[in-house]
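>>> sequence below, structure please.
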Amino acid sequence: MGVARDRCHRSTGLCFGLVLGLGLGLGSGCTARPEKATVQRVVLSLPPSMDRDSAARERLREDVRSQLAIDDLTEITDEADSATHIVKVEVIEELGANDVAKRAVAVELKSLSEGMVLESIGAPGDNPKNWILEAFQDAWSVVTTRRMLRVARERDVIAALKSSDLRVRAAAIGLIGDRKIEAGLEPLCRILEDEDNELLVLRAVGALIALGDPRATDSLIALARNKAPGVVLQVVFAVGSIGGATARGYLVTLASGHPVEAVRRGAKDALDALERRGGR
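Next up is the predicted model:
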């Protein structure tokens, strides 16, 4: 299997070259870059039909290592003692409707010291011969972008919410919660109002819980209007975790009058938890 097109890997030497390649209009004044990931092991997980071909498996491993070698945020080593990360590559090939193959590659970059895992799933391009490597490149570009966002300025993390790539938007939402970026409050609330993708909405709810700002309560309550009980319960947990007078009033209303027992019970449990925290 030959090495497919570089995509944007060669642009990692430019500040946020990968991020720009994924549809973000970020500035060029970057001041931080992640430390290099030193990789000795590339672990492959292949469908049985591919795994039986040992020669093809080793070619794929070498092709992946070659791609990692041209990424200037990664280096390859033959010394296990100097390795800092492991790369795992899972090739997914399933037959869907009308025997049409569904193909993707899942990639993980795991830190040996921290245990932290960054992962993504990539889709193949238009080249049927090199589809595995193209899908790897697609996934790896997102993993690399996530690495860069982890050390980016807060405004660049917020800007990533406008990426054309759903995977990058999801990562940015999580980072706003993890880093407790207060300036991300309003953009997260707009996601609750405008985003159609349920996964991103739920991630935004989780990030708002992490921020713990009562100003998000009205947007969370609006999200629950005319929604299925499962969504309402998510909001109940969120506003109960954040607390405040508006949250308390909303939970009292649900606990006493919502038509679904599970929601009433969930609201009561959230009120009890508020009481135990002294109303906060």
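
>>> which residue sits closest to the one residue sitting closest to the centre of the chain, ignoring its sequence neighbours?
Here the mean C-alpha position of the chain is nearest to the C-alpha of Ala171 (CA atoms, centre = their mean), at a distance of 3.6 Å. Distances taken as CB to CB, 6 or more residues apart in numbering put Arg146 closest to Ala171, at 4.7 Å, once the chain neighbours are dropped. C-beta: built from backbone N, CA, C; applies to glycine.

>>> go on, Val231?
Ala224 (6.1 Å).

>>> please apply the same query to Asp218.
The nearest residue in space to Asp218 (CB to CB, 6+ apart) is Thr246, at 6.7 Å.

>>> same question, Pro124
Using CB to CB, 6+ apart, the closest residue to Pro124 is Trp131 (3.6 Å).

>>> show the contacting residues for the one you found.
103, 124-125 (CB atoms under 8 Å, 6 or more residues apart in numbering).

>>> give me the element it is part of.
Element membership of Trp131, judged by DSSP states H and E, is helix 131-150.

>>> any idea how far that helix is from the chain center?
12 Å (CA atoms, centre = their mean, to the nearest Å).

>>> and the helix or strand following it, what's buried?
Going down the chain from helix 131-150, the next helix or strand is helix 154-159, by DSSP H and E. Buried residues in helix 154-159, counted by 16 or more other CB atoms under 10 Å: 156-159.

>>> and the protein, what are its domains?
9-152, 156-276 (automatic domain parsing).

>>> out of those, which gets the lowest mean score?
Sorting the domains of the chain by mean pLDDT places domain 9-152 lowest, at a mean of 85.

>>> before we move on, the earlier item: which one of the domains of the chain has the most crowded surroundings?
domain 156-276 (a mean of 18; mean count of other CB atoms under 10 Å).

>>> for that domain, measure first residue to last.
38 Å (CA to CA, to the nearest Å).

>>> and the residue nearest to Ala171, how far is that from Glu186?
23 Å (CB to CB, to the nearest Å).

>>> for the stretch 1-150 of the chain, what spans make up the strands?
Ranges of strands in the stretch 1-150 of the chain, per DSSP state E, counting those that start in this stretch, are 37-45, 74-76, 85-95, 101-111, 117-122.

>>> so which of these is nearest Asp138?
Across the strands of the stretch 1-150 of the chain, Asp138 has its closest neighbour in strand 117-122 (3.2 Å, CB to CB).

>>> ok and the closest one relative to strand 85-95, angle-wise?
30 degrees (axes from the mean of the first three to the mean of the last three CA atoms, to 10 degrees).

>>> quick one: list the elements packing against strand 117-122.
strand 101-111, helix 131-150 (3 or more CB pairs under 8 Å, 6 or more residues apart in numbering; DSSP states H and E).
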